[in-house]
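# with the sequence up front, the predicted model follows.
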Amino acid sequence: MKDYYKILGVDEKINQEALKKTYRKLAQEYHPDKNPGDEQKAEKFKDISEAHATLSDPQRRAQYDAMRKGMHHGMPPGFGFGNSFEDIFSNVFGSEPFGQRMHRQKKQQASPVINFDIPLSELKSGHIKRIFNINTSVECNSCEGKGGKSVERCRHCQGGGTVHQTSRQGNSFFQRISDCPICQGRGKVILGECSTCRGNGNVLKTELYSIDIICKLQKP
């Protein structure tokens, strides 16, 4: 599992505004157009784009943080979600490369599943209690989910989220498709960015759940 925070060289508590600035700086440094023929920097650029695509989205970031925290605590793959980490990334983020997905409509995500172990001694006691903190992404009340005062179609990419660059080598022409640098692949530009959600339209909300289970021995 890649550590997106290390890839971007940022702290895990970084806010969205600082994250955006860091991404733009790294993207300019490692962009393939500025480093022709350098495969290492091209791979670095892919990792940077993948990391930003995850951490810039509150819901993706919350799920990624939960998986990352589970691995750091030595929990088995799938703890808290019921699947392997590979399956989770496939289901949540899709199988397409992140650089090609930033401008696409988000796929419907399955509701996460929480798994936990029950020691036999606790089971025999007849009472099991667990408390969970769940981070969920909810619509920002300050901007009603818009991300700012108003939203306009990006004029640079005409709302498509991508830009096309054509280059020529000899008698051959090559076309590169990349995310729009103005709207970052969203296809829209937010005017008067909301200070609460930093233009994302969503904020993280922590919900506390308490589970009480009464256990009874079932005789054969």
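On my side now, so go ahead.
# pop out the phi and psi values for the spatially most central residue of the chain.
With distances taken as CA atoms, centre = their mean, residue 54 lies nearest the centre of the chain, 2.3 Å away. Residue 54 adopts backbone torsions of phi -80, psi -50, taken as degrees, to the nearest 10.
# can you tell me the element the nearest residue to it once chain neighbours are set aside falls in?
In this structure, residue 54 finds its nearest non-sequential neighbour in residue 60, 4.8 Å apart by CB to CB, 6 or more residues apart in numbering. Yep, even glycine has a C-beta here, placed from its N, CA and C like the rest. In this assignment (DSSP states H and E), residue 60 forms part of helix 58-72.
# next one: that helix to chain centre, how far?
9 Å (CA atoms, centre = their mean, to the nearest Å).
# so which bits of that helix are buried?
Neighbour-count burial for helix 58-72 flags 58-68, 70 (criterion: 16 or more other CB atoms under 10 Å).
# same deal with stretch 189-196?
189-190, 193-194.
# ok, now stretch 159-177?
In terms of neighbour count (16+ other CB under 10 Å), stretch 159-177 has its buried residues at 159-163.
# stretch 200-210 too?
Applying 16+ other CB under 10 Å to stretch 200-210 flags 200-203 as buried.
# remind me which residues of the chain are low pLDDT?
Residue ranges of the chain with pLDDT under 70: 70-112, 171, 173-175.
# where do the helices sit along it?
Using DSSP state H, the helices of the chain run over residues 4-8, 16-30, 39-55, 58-72, 85-93, 98-101, 120-124.
# can I get the ones you listed in JSON lines with distance to residue 149?
Formatted as JSON lines, the helices of the chain follow (distance: least, CB to CB, whole Å):
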{"stretch": "helix 4-8", "distance to residue 149": "29"}
{"stretch": "helix 16-30", "distance to residue 149": "17"}
{"stretch": "helix 39-55", "distance to residue 149": "25"}
{"stretch": "helix 58-72", "distance to residue 149": "20"}
{"stretch": "helix 85-93", "distance to residue 149": "30"}
{"stretch": "helix 98-101", "distance to residue 149": "28"}
{"stretch": "helix 120-124", "distance to residue 149": "53"}
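# how close does the residue nearest to residue 54 get to residue 170?
Between residue 60 and residue 170 the distance is 42 Å, computed by CB to CB, to the nearest Å.
# now swap in residue 2 and tell me
From residue 2 to residue 170 the distance is 37 Å (CB to CB).
# in stretch 38-50, what's buried?
41, 44-45, 47-50.
# should've said stretch 119-138
Quick answer for stretch 119-138 (16+ other CB under 10 Å): residue 137.
# picking that back up, compare the helices of the chain and give me the one nearest residue 148.
The closest of those to residue 148 is helix 16-30. By CB to CB, the value is 12.9 Å.
# can you list the residues that contact the closest one?
Helix 16-30 is contacted from outside by 8-10, 14, 34, 41-42, 44-45, 48-49, 52, 55-56, 197-200, using CB atoms under 8 Å, 6 or more residues apart in numbering.
# 6 Å - rerun?
Residues outside helix 16-30 that contact it (CB atoms under 6 Å, 6 or more residues apart in numbering): 8, 10, 41, 44-45, 48, 52, 55, 198.
# I'm done for today, thanks for sticking with me.
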